[in-house]
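Asks: I need the structure of the sequence given here:
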Amino acid sequence: QVQLEESGGGVVQAGGSLRLSCTASGRTFTTYVMGWFRQAPGKEREFVAAISHYTYYTDSVKGRFTISRDNAKNTVYLQMHSLKPDDTAVYSCAAGSRLGSPTTNYYSSGWYDYWGQGTQVTVSS
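Replies: Numbers count the residues shown, from 1 in each chain. Coordinates of the predicted model:
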């Protein structure tokens with residue numbers, strides 16, 4: 001079992017920055033693919049970014065968001081710059097442990113095994 005806890009959400013003006021953190025319990029953090037997803041009111045959950053040995057992003061955040069991980073701290077980060085009102089959502093981190101899976105799976109919320117509770121990000125115009 002893996003428990004995930006996000007932090008770092010808040011309210012920021014358009015153009016501002018936030019850094020989200022997600023800390024995982026357990027001793028096998030390095031074997032997990034870590035992902036960030038978001039869900040805005042009235043919309044479906046959508047993929048934002050993922051990290052294994054490489055990083056993956058949805059097009060709308062490329063050049064603005066950076067995902068990174070610190071394996072010594074069992075933590076994955078999502079640094080967000082140039083935030084827009086459309087980025088407003090609940091952001092959740094997820095962990096997937098199926099080694100050898102095609103990387104296309106990383107974009108699908110159904111592939112991940114564990115989820116955090118989420119943290120609210122609100123970008124005001």
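Asks: could you check the pLDDT of the residue positioned nearest the centre of the chain?
Replies: Closest residue to the average C-alpha location of the chain: Trp36 at 1.8 Å, with Cα atoms, centre = their mean. The model reports Trp36 with a pLDDT of 98.
Asks: check the one 10 residues further on too.
Replies: What the model reports as pLDDT for Glu46 is 98.
Asks: look up how far Ala94 lies from the nearest residue to it once chain neighbours are set aside.
Replies: Closest residue to Glu46 apart from its sequence neighbours, by Cβ to Cβ, 6 or more residues apart in numbering: Arg38 at 6.0 Å. Just so you know, the C-beta spots here come from the backbone N, C-alpha and C atoms, and that holds for glycine as well. As judged by Cβ to Cβ, to the nearest Å, Arg38 and Ala94 stand 11 Å apart.
Asks: settle it for me: which of these two has more neighbours?
Replies: More crowded of Arg38 and Ala94, by other Cβ atoms under 10 Å: Ala94, with 25 against 22.
Asks: any idea what sits nearest that one, other than its immediate chain neighbours?
Replies: Excluding its sequence neighbours, the residue lying closest to Ala94 (Cβ to Cβ, 6+ apart) is Tyr112, at 3.7 Å.
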